[in-house]
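Visitor: Output the structure for:
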Amino acid sequence: MQQPPPAISDYALIGDLHTAALVSRSGSIDWLCWPRFDSGACFAALLGNPQHGRWLIAPAADVVRTTRRYRPGTLILETDFETDEGSVTVVDFMPRDAASSLVRIVVGRTGRVAMRTQLIVRFDYGSIVPWVTQNHETPCELQAIAGPDRVTLRTPVALRGEDLTTVGEFHVAARKSVPFVMTYRQSHLSRPAVIDPAQALSETEDFWTQWSGRCAHKSDWPEAVTRSLVTLKALIYEPTGGIVAAPTTSLPELPAGKRNWDYRYCWLRDAAFTLLALMDAGYFEEANAWHEWLLRALAGNPAQAQIMYGIAGERRLVELELPWLPGYAASRPVRIGNAASAQLQLDVFGEVADALHLARRGKLASSETGWAVQRALTVHLESIWYEPDHGIWEVRGPPQHFTHSKVMAWVAVDRAIKAAERYDLEGPIDRWRDLRRRIHADVCAKGFDENRGSFVQAYGSQQLDASLLLIPLVGFLPASDARVRGTLEAIGRELIVNGLVLRYRTADTDDGMPPGEGAFLACSFWYVDNLVLAGQHAEARQMFERLLALRNDVGLLAEEYDPRSGQQLGNFPQAFSHVALIVSAYNVSASEVRPAEQRGAANEGHS
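Guide: A predicted model of the protein is given here:
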């Protein structure tokens with residue numbers, strides 16, 4: 001009988017700013033893309049599918065207790081295994097060097113523990129079995145090659161082939177260590193240089209502790225903010241500055257469901273929140289790299305702007321299904337690529353404009369190109385803002401006139417006007433002022449339901465939507481406005497289930513949850529931010545601390561959380577969830593930094 005897969009929250013993240021891997025509590029690495037986040041050169045496949053790739057290092061005997069943690073402020077994972085024979089720690093990390101490498105060091109703590117390793121190398125998303133060769137000298141060197149891809153494994157452990165896998169057994173005694181170093185390199189290149197595991201560990205720890213120690217503004221939850229910042233840093237593709245939404249694809253919004261998407265791309269929607277979180281924490285180098293990536297990705301005809309791009313700005317993100325993969329917990333189909341990249345989503349115009357406005361206010365590197373791009377996008381928006389779109393949730397049904405989309409169209413025009421006024425930039429300001437007024441009036445007339453006393457998901461709809469929580473956060477209306485207060489109260493009554501905010505309600509189930517997904521975590525953080533703006537600080541703090549309790553044991557969050565099962569759902573870890581956590585932590589804390597007021601332009605007036 002096949003064992004159920006580990007819970008999504010059973011995984012921890014390691015990475016080298018070029019790619020990332022997920023390590024389970026059992027000591028198995030079950031997901032790794034080399035040499036890039038979105039590469040098809042996968043050494044491992046989807047979580048819980050060992051036949052399609054894994055790398056296990058664990059005690060051979062039954063484990064009595066497992067605990068794990070990150071070294072403070074780093075992406076170095078330590079997993080402790082206790083057995084009747086003794087105890088060991090497996091240290092997992094990826095060095096920051098020119099080669100893409102993964103280092104695992106087994107350290108003996110007490111006794112003498114029998115260990116085993118199983119390596120199943122599969123390229124191209126688990127579909128290709130490579131040709132494996134090895135020497136039998138000390139240290140052992142294994143080469144796995146298929147087409148353009150090669151991984152090299154070096155270890156003092158004697159390895160052998162067994163049923164298209166590589167296995168080995170060894171013992172580790174107290175105060176002794178056994179290293180494993182795996183390196184990816186294209187198959188036509190020479191063998192990779194030898195890495196000293198101990199030196200690589202020391203250098204990796206120095207890098208991360210120095211980086212995390214630069215956080216400029218403290219919050220009331222420093223550990224949670226630091227872990228979220230480190231996670232966000234890990235999702236940055238350093239060569240370009242692009243930030244992937246998550247390092248995984250097709251982890252489901254509901255196990256055995258069909259809402260399984262590829263998140264290894266850069267969403268423009270994340271731009272403003274991400275920029276604000278990085279700048280408020282003092283990470284201006286990363287913020288500027290993200291800002292510059294944004295401008296490069298958008299360069300070209302504004303009519304061809306997309307809602308997401310590849311990590312280097314690639315536009316062709318063709319969605320494919322991989323029928324040979326069974327999916328996590330039988331969640332099919334498994335997808336790579338993302339067809340939503342071709343959708344019209346008007347809100348991204350506002351997110352980009354707000355990000356560029358925040359960049360100017362933060363005195364990031366500016367250029368004539370930046371304003372030229374923003375102006376061209378605004379001019380294009382003039383001709384399309386009134387069209388229906390697919391909205392922030394990327395619905396794969398007919399387009400609608402989503403209220404949030406129109407609000408963000410207003411934001412795009414509003415920020416263009418402010419940029420021209422404050423920085424003496426050239427643009428048709430009078431025309432834009434008239435457009436801003438018309439969009440604002442349109443939203444207030446068609447997106448607000450007088451009978452309900454709240455804004456609604458789409459024009460003519462009766463449904464609420466958590467994206468309406470962004471209305472005061474982006475400065476469309478102040479938090480004191482009766483319509484904003486009514487919307488907050490309505491969402492509190494109708495979209496909160498077990499203390500978490502749903503995106504919206506579809507056909508309800510008996511337990512009040514919509515079919516097909518859990519609660520989208522960012523929405524609950526937006527609710528916290530609204531409580532702060534409404535002056536309900538005690539309630540905001542209480543809800544924020546409840547959200548912190550949903551993190552897994554090493555402080556990571558997925559896209560969603562299912563109150564029914566108590567499990568995290570969706571791609572993992574999710575950048576947007578951690579960005580929202582950082583922003584809310586600063587909003588709730590007794591800090592000089594209040595992102596809700598910064599982005600909401602509370603002191604800039606409303607139109």
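Visitor: Only alpha carbons, please: show stretch 323-336 as CSV.
Guide: C-alpha atoms of stretch 323-336 as CSV (Å, rounded to 0.1, in the frame of the first residue of the first chain):
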residue,chain,number,x,y,z
PRO,A,323,0.8,13.2,-17.9
TRP,A,324,3.6,10.9,-16.6
LEU,A,325,3.6,12.6,-13.2
PRO,A,326,0.8,11.6,-10.8
GLY,A,327,0.9,14.9,-8.9
TYR,A,328,1.0,15.7,-5.2
ALA,A,329,-1.6,13.6,-3.5
ALA,A,330,-3.0,12.6,-6.9
SER,A,331,-3.6,16.2,-7.8
ARG,A,332,-3.8,16.3,-11.6
PRO,A,333,-2.9,17.7,-14.0
VAL,A,334,0.7,18.6,-13.3
ARG,A,335,1.5,21.8,-15.2
ILE,A,336,4.5,23.7,-16.3
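Visitor: now the longest strand along the chain: mean pLDDT?
Guide: Counting by DSSP state E, the longest strand found in the chain is strand 100-120. The pLDDT scores in strand 100-120 average 97.
Visitor: That strand: partners in the sheet, and parallel or antiparallel?
Guide: strand 54-59 (antiparallel), strand 86-93 (antiparallel), strand 165-173 (antiparallel), strand 177-186 (antiparallel) (DSSP bridges).
Visitor: can you put these in TSV and add distance to Ala522?
Guide: For glycine as for every other residue, the C-beta is placed from the backbone atoms N, C-alpha and C. Output for these, formatted as TSV (distance: least, C-beta to C-beta, whole Å):
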stretch	distance to Ala522
strand 54-59	31
strand 86-93	28
strand 165-173	40
strand 177-186	33
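Visitor: Give the buried residues for stretch 40-51.
Guide: The neighbour-count check on stretch 40-51 (16 or more other C-beta atoms under 10 Å) flags 41-50 as buried.
Visitor: Same question for stretch 275-285.
Guide: By 16+ other C-beta under 10 Å, the buried positions in stretch 275-285 come out as 275-281, 283-284.
Visitor: The residues you listed in helices, which ones?
Guide: With helices defined by DSSP state H, the entries of the buried residues of stretch 275-285 inside them are 275-280, 284.
Visitor: Of these, which is the nearest to His357?
Guide: Nearest to His357 out of these is Leu275 (C-beta to C-beta; 9.8 Å).
Visitor: Report whether Ala21 is found in a helix, as I expect.
Guide: No - in this structure, Ala21 is strand, not part of a helix, as judged by DSSP: H, G, I helix; E, B strand; the rest coil.
Visitor: my guess is it contacts Phe37, does it?
Guide: No - the pair Ala21 / Phe37 is not scored as a contact, 10.8 Å apart, by C-beta atoms under 8 Å.
Visitor: Pull the number of nearby residues for Arg112.
Guide: For Arg112, the neighbour count with other C-beta atoms under 10 Å is 13.
Visitor: can you tell me which residues contact it?
Guide: 85-86, 171-174 (C-beta atoms under 8 Å, 6 or more residues apart in numbering).
Visitor: quick one: the residue lying farthest from the centre of the chain from Thr155, how far?
Guide: The centre of the chain is farthest from one residue, Glu137, which by C-alpha atoms, centre = their mean lies 41.9 Å away. Separation of Glu137 from Thr155 (C-beta to C-beta, to the nearest Å): 12 Å.
Visitor: and what of Val225?
Guide: For Val225 relative to Thr155 (C-beta to C-beta), the value is 37 Å.
Visitor: repeat for Tyr283
Guide: 36 Å.
Visitor: for Pro139, same thing?
Guide: Taking C-beta to C-beta, one finds Pro139 at 6 Å from Thr155.
Visitor: So for these two, which sits in the more crowded spot?
Guide: Thr155 (24 against 15).
Visitor: Only C-alpha atoms, please: export stretch 587-595 in CSV.
Guide: Provided in CSV are the C-alpha atoms of stretch 587-595 (Å, rounded to 0.1, in the frame of the first residue of the first chain):
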residue,chain,number,x,y,z
ASN,A,587,1.9,47.9,10.4
VAL,A,588,1.0,46.3,13.7
SER,A,589,4.3,47.0,15.5
ALA,A,590,5.1,50.1,17.4
SER,A,591,7.4,51.2,14.6
GLU,A,592,8.2,54.3,12.7
VAL,A,593,7.5,52.3,9.5
ARG,A,594,3.8,51.9,8.6
PRO,A,595,3.5,50.4,5.0
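Visitor: what comes up buried for that stretch?
Guide: 587-589, 593-595.
Visitor: residues making contact with it?
Guide: 217-221, 276-277, 280, 528-529, 532, 537, 540-541, 544, 583, 586, 596.
Visitor: ditto for stretch 419-427
Guide: Identification of contacts with stretch 419-427 by C-beta under 8 Å, 6+ apart yields 356-357, 360, 371, 374-375, 378, 416-417, 429, 432.
Visitor: pLDDT averaged over that stretch, what's the number?
Guide: pLDDT averaged over stretch 419-427 gives 94.
Visitor: Break the chain into its domains for me.
Guide: As given by automatic domain parsing, the domain ranges for the chain are 8-187+197-210, 214-599.
Visitor: starting at the chain centroid, how far to the top helix by length along the chain?
Guide: In the chain, assigned by DSSP H, the helix with the most residues is helix 403-423. Taking C-alpha atoms, centre = their mean, to the nearest Å, one finds helix 403-423 lying 26 Å from the centre of the chain it belongs to.
Visitor: Quick check: buried residues in that helix?
Guide: Neighbour-count burial for helix 403-423 [16+ other C-beta under 10 Å]: 403-420.
Visitor: Stretch 523-536 too?
Guide: By neighbour count with 16+ other C-beta under 10 Å, stretch 523-536 contains the buried residues 523-534.
Visitor: now swap in stretch 220-233 and tell me
Guide: 221, 224-233.
Visitor: Let me know how buried Trp131 is, in neighbour terms.
Guide: Neighbours of Trp131 (other C-beta under 10 Å): 9.
Visitor: ok, so of the buried residues of stretch 40-51, who is nearest Leu569?
Guide: Closest to Leu569, out of all of those and judged by C-beta to C-beta, is Leu47, at 12.4 Å.
Visitor: helix/strand/coil for the closest one?
Guide: coil.
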